[in-house]
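In: Structural data only, the sequence is not supplied:
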């Protein structure tokens, strides 16, 4: 049995598949790192880099932990995947944070993506006893956030990533692939400002995320994949209507810091464009280093500046809070039709009682390309405990 990176062959092709011939989609290894694991951000169109601090900030912007109200928090999130096809593919995440004092906080999380059980057969004989494998991926990370002023904080994070997708041959030569990455994030939160009819608060944030070496599944020279390094940047505003009611509006932009696949030309100069040219193009792409790939990602789109702009996704989200114990959310996410065509609306709700908070979200795809999370309910459970810090 040949060794196959199953994820790219049978799963994520759905979310990054070509909607039309003109597409020039950027694909990466371990794309599960980009999937929203918590129901709060998912309910606002995958929006979280500049929203108010919560337990789930580890994935979106760990610098927000320095502004957390509760001293400690622990969360469990569960996301079913491809529910229209199978029932054993899912993404789960555990997160813990501790705001140790007025200025600093640390956090850690564990994310696990299981592809369920896959039956393998060497031949087409239906009587053959299949071999069952259970491919999976996981990431373990930690972060530290520090307030540099009363209104601005920064954070650094480190992440270990493991991908066990290879199918073992009869000689058992398959092994998992691993790499590491770092995050650098910042977050701004203003004082509460009094306007004519309401009070308000501004927020802004950024996160340079998943910066790290490529991931390799074997020792061949050109079999390596970029990990999903990306830039998140966003802003938000809280309309504090009174002591009970608050509405938060947020907008976020995201760009993969990964090179764009180039158009294949007659690279071997034999007068035709054939498989040899495609092999050369793939080798040139795969041999590129991850650091140079980050810089190239801002200027290498074959269609020029207009195509570079299409590599940005954006999302807008809104959250209504009543007494900080009940929340209603909605959001919209958009990706260019020539860069993956992900486009969807989302709804969400949150309920808090004492130290326990439950969040749910639901996604409606508005694209012609089917989304793996379409019509999926996502759940998150949070426990906050310890003393509370005053919000200035």
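Out: Alright, I've got the coordinates. Quick caveat, the model's predicted, so the values are computed rather than measured.
In: could you say which helix or strand contains residue 87?
Out: Here residue 87 sits in a region with no helix or strand, counting by DSSP states H and E.
In: Give me the local confidence score for it.
Out: Per-residue confidence (pLDDT) for residue 87: 78.
In: now swap in the one 5 residues further on and tell me
Out: Residue 92 carries a pLDDT score of 94 in this model.
In: For residue 354, which residues are in contact?
Out: Not one residue lies near residue 354 by CB atoms under 8 Å, 6 or more residues apart in numbering. In this view, the C-beta of every residue, glycine as well, is placed from N, C-alpha and C.
In: any idea how far residue 372 is from it?
Out: 35 Å (CB to CB, to the nearest Å).
In: Likewise for residue 293?
Out: From residue 293 to residue 372 the distance is 26 Å (CB to CB).
In: out of these two, which sits in the busier spot?
Out: residue 372 (22 against 18; other CB atoms under 10 Å).
In: The closest residue to residue 297 other than its chain neighbours: neighbour count?
Out: Using CB to CB, 6 or more residues apart in numbering and skipping residues adjacent in sequence, the residue nearest residue 297 is residue 257, 4.8 Å away. Applying other CB under 10 Å, we find 22 other residues in the vicinity of residue 257.
In: Verify the stated contact: residue 257 with residue 292.
Out: No. With contacts counted by CB atoms under 8 Å, residue 257 stays clear of residue 292, the gap being 11.2 Å.
In: So residue 63: helix, strand or coil?
Out: helix (DSSP: H, G, I helix; E, B strand; the rest coil).
In: which residues does it contact?
Out: Counting by CB under 8 Å, 6+ apart, residue 63 has contacts 57, 145, 153, 154, 155, 185, 186, 187, 205, 207.
In: again with residue 261
Out: Contacts of residue 261 by CB under 8 Å, 6+ apart are 24, 25, 26, 281, 285.
In: Just these: which are in helices?
Out: Mapping the contacts of residue 261 onto helices (DSSP state H) picks out 281, 285.
In: was I right about residue 95 contacting residue 74?
Out: Yes. Counting by CB under 8 Å, residue 95 does reach residue 74; the two are 7.1 Å apart.
In: residues shared between the contacts of these two?
Out: With CB under 8 Å, 6+ apart, residue 95 and residue 74 have common neighbours residue 55.
In: Show me which of the two is the more surrounded one.
Out: Ranked by neighbour count (other CB under 10 Å), residue 95 and residue 74 place residue 95 first, with 25 against 16.
In: Let me know the secondary structure of that one.
Out: Following three-state DSSP, we place residue 95 in the strand state.
In: show me what contacts residue 341?
Out: 19, 23, 335, 367, 368, 369.
In: Repeat the analysis, applying 7 Å as the threshold.
Out: 19, 335, 367, 368, 369 (CB atoms under 7 Å, 6 or more residues apart in numbering).
In: phi, psi of it?
Out: Main-chain dihedrals, residue 341, degrees, to the nearest 10: phi 60, psi 30.
In: Kindly report the same for residue 207.
Out: According to degrees, to the nearest 10, residue 207 has phi -150, psi 120.
In: for residue 343, same thing?
Out: The phi/psi pair for residue 343 (degrees, to the nearest 10) is phi -150, psi 120.
In: do you know how far it is from residue 47?
Out: Residue 343 is 15 Å from residue 47, by CB to CB.
In: go on, residue 350?
Out: Taking CB to CB, one finds residue 350 at 14 Å from residue 47.
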